[in-house]
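Visitor: what shape does this take:
(4 chains)
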2 protein chains.
Amino acid sequence: MKAPARPIRRATLHHSAVEELRAMILDGELPPGVRVPEVQLCEQLGISRTPLREALRVLSSEGLVELRPHRGAIVAPVDPGEIGAIFEVMDALERLAGTLACRNGSDAEFAKLDRMHDQLVTQHEAGERAAYFLTNRQIHSQIVAMARNPALEATYAGFAAKILRARSLANYDTGRWQESVDEHEGFMAAFRRRDAEEAGALLADHSRRTAVAVIQALRQPPAQGMVQEGGAVTDAEPLNAG
Amino acid sequence: MKAPARPIRRATLHHSAVEELRAMILDGELPPGVRVPEVQLCEQLGISRTPLREALRVLSSEGLVELRPHRGAIVAPVDPGEIGAIFEVMDALERLAGTLACRNGSDAEFAKLDRMHDQLVTQHEAGERAAYFLTNRQIHSQIVAMARNPALEATYAGFAAKILRARSLANYDTGRWQESVDEHEGFMAAFRRRDAEEAGALLADHSRRTAVAVIQALRQPPAQGMVQEGGAVTDAEPLNAG
DNA sequence: AGTTATAATATTGTATACAATTTGGCACGG
DNA sequence: CCGTGCCAAATTGTATACAATATTATAACT
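Guide: Sure, this is the predicted structure:
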């Protein structure tokens, strides 16, 4: 929709590799715990080891990959305890985002938020689960963007990525769906009143309840998150095909 | 058998390079805005370009370095606006740390915190500024450690590093010193009562007041380092080392 | 047979060589 | 005199070759 004024062309292979690998990890294409053999990924991405290794260092810094000196890299396992800790911080970030969004968001942004919320409700009623989750994420991103705080935005994105990964491997929800929509209604009402404190509090509460559900789901299924090696890897297009 | 006294031995050069470069940046040896010529740093550190470049990617991910494709890396400039945003998040993290520390800290840790605080007061009365600042940082790190939340700890450390850099180039303080000590007295009293809410609130307030002072100092002084391109690089030595 | 020592293999870590892009300067033309 | 276009130098980006370490397999010994 928006015409990007200038889509910054990251001409460097290692940066493309970061994005590619991050997407592969978040999509579950590279499951937690699997070893990341450099040469195999190199020919899969059509690049050499140098940019790939630089990408692995970045992803390690982001916490999506674990580097074990001389023993290879693995996709970071998803530990319920760690996810719990992440959610504790996330609650605080959500609260901050809600408060700041009320203070700094423009009327146009609030209107857009309202439209997104309507869409969310529609998708819930229609039972379109995948679309709902996407809209849900977009709503929270929108709130964070309205906070006008790049540091918050970056930190939030990092935690959201890890939480997304946890959610995707524990097939959480069903029972929580209706509840979650109700909570959305709650903080949207606060947003419409521009009640910064209340919006923040309700967002933090929403995050906390999500945390409980996700962690509970994470402890139940057989998949501990430690998947054995040789995990599924499908083909990917070479990065330097341009 | 237990691990040796030094549990983690990072034998890889790129990891050592990360720590070395990060220290150089935080110490002001590499001032904000300066270009980071790879070859020069290579011979300075006695390594080749490969591990150095991997280190630069990591530092870029941490926000201490900016990579401009094909145009070299620069030490990230210190922008007052960005520092303000960072402090907004920091306030929330301090509050969370204070609250969790009350809930999760052991009595031994609280006792240690008390001793550190006594030391802080002593150093303030003695006018030992450098020692005071070190103890101050250690106290806040101790509080964060008592929160028992690795995600919080890591995020906090990242923000603290950037704030430290801002503080060191704006030689802020003097007027704020006494006030800061008073605030420490305040949240320490809350800690002794194990009043989680109050401790968190006072820590957040302390952080907010620090933010005001730092940012104000940052906008005024002979800030030589926060220019964009090739600005103001006399030499590395005489910054704040003494 | 089980265990330990040793060697072979594979994979990672580092260094260097090569390619691509930017930057600065200079000539030419307006 | 100033602007434009091209060329040269320098620096970054990438690929490959080499070195070091961990893992696995083998074999000898108790």
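
Visitor: and the residue of chain A positioned farthest from its centre, what does it touch?
Guide: Using C-alpha atoms, centre = their mean, the residue of chain A lying farthest from its centre is A:H70. It sits 29.9 Å away. Going by C-beta atoms under 8 Å, 6 or more residues apart in numbering or on different chains, A:H70 touches B:A11. No exception for glycine: its C-beta is placed from N, CA and C like everyone else's.

Visitor: check which helix or strand it maps to.
Guide: Following DSSP states H and E, there is no helix or strand that holds A:H70.

Visitor: A:R53: neighbouring residues, count only.
Guide: A:R53: 21 surrounding residues under other C-beta atoms under 10 Å in any protein chain shown.

Visitor: so it versus DNA strand D, what's the distance?
Guide: To DNA strand D, A:R53 is 8 Å away according to C-beta to the nearest atom of the strand, to the nearest Å.

Visitor: thinking again about what came up before, can you pull the phi and psi angles for the residue farthest from the centre of chain A?
Guide: phi 70, psi 0 (degrees, to the nearest 10).

Visitor: what's the distance between it and B:A145?
Guide: Relative to B:A145, A:H70 is positioned 30 Å away (C-beta to C-beta, to the nearest Å).

Visitor: can you check A:A76 too?
Guide: Remark: distance between A:A76 and B:A145 (C-beta to C-beta) = 22 Å.

Visitor: what's the answer for A:L52, then?
Guide: A:L52 is 35 Å from B:A145, by C-beta to C-beta.

Visitor: and A:L21, by the same measure?
Guide: 32 Å.

Visitor: who has more neighbours, these two?
Guide: Using other C-beta under 10 Å as the criterion, A:L21 and B:A145 rank with A:L21 on top: 24 against 19.

Visitor: what's in contact with stretch A:135-149?
Guide: Taking C-beta under 8 Å, 6+ apart as the rule, stretch A:135-149 contacts A:94, A:96-101, A:104-106, A:109-110, A:112-113, A:116-117, A:119-120, A:123, A:152-153, A:156, A:160, A:164, A:180, A:184, A:203, B:85, B:88-89.

Visitor: just checking, what packs against the one helix or strand A:I83 maps to?
Guide: Element membership for A:I83, per DSSP H and E: helix A:80-104. Packed against helix A:80-104 by the contact rule (3 or more C-beta pairs under 8 Å, 6 or more residues apart in numbering or on different chains; DSSP states H and E) you find helix A:129-146, helix A:150-169, helix A:175-192, helix A:196-219, helix B:80-104, helix B:150-169.

Visitor: check those for me and report the most buried one.
Guide: Most buried of the helices and strands packed on helix A:80-104, by mean neighbour count (mean count of other C-beta atoms under 10 Å in any protein chain shown): helix B:80-104, with a mean of 22.

Visitor: put the alpha carbons of the next helix or strand after that helix into PDB.
Guide: The first helix or strand that comes after helix B:80-104 along the chain, using DSSP H and E, is helix B:107-125. Provided in PDB are the C-alpha atoms of helix B:107-125 (Å, rounded to 0.1, in the frame of the first residue of the first chain):
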ATOM      1  CA  ASP B 107      18.500 -12.300  52.600                       C
ATOM      2  CA  ALA B 108      22.200 -12.600  52.000                       C
ATOM      3  CA  GLU B 109      21.800 -10.600  48.800                       C
ATOM      4  CA  PHE B 110      19.800  -7.900  50.600                       C
ATOM      5  CA  ALA B 111      22.500  -7.800  53.300                       C
ATOM      6  CA  LYS B 112      25.200  -7.400  50.600                       C
ATOM      7  CA  LEU B 113      23.100  -4.600  49.000                       C
ATOM      8  CA  ASP B 114      23.100  -2.800  52.300                       C
ATOM      9  CA  ARG B 115      26.800  -3.000  52.600                       C
ATOM     10  CA  MET B 116      27.200  -1.700  49.100                       C
ATOM     11  CA  HIS B 117      24.900   1.200  49.900                       C
ATOM     12  CA  ASP B 118      27.000   2.000  53.100                       C
ATOM     13  CA  GLN B 119      30.100   2.000  50.900                       C
ATOM     14  CA  LEU B 120      28.300   4.400  48.500                       C
ATOM     15  CA  VAL B 121      27.400   6.800  51.200                       C
ATOM     16  CA  THR B 122      31.000   6.700  52.600                       C
ATOM     17  CA  GLN B 123      32.400   7.400  49.200                       C
ATOM     18  CA  HIS B 124      30.000  10.200  48.700                       C
ATOM     19  CA  GLU B 125      31.000  11.800  52.000                       C
END
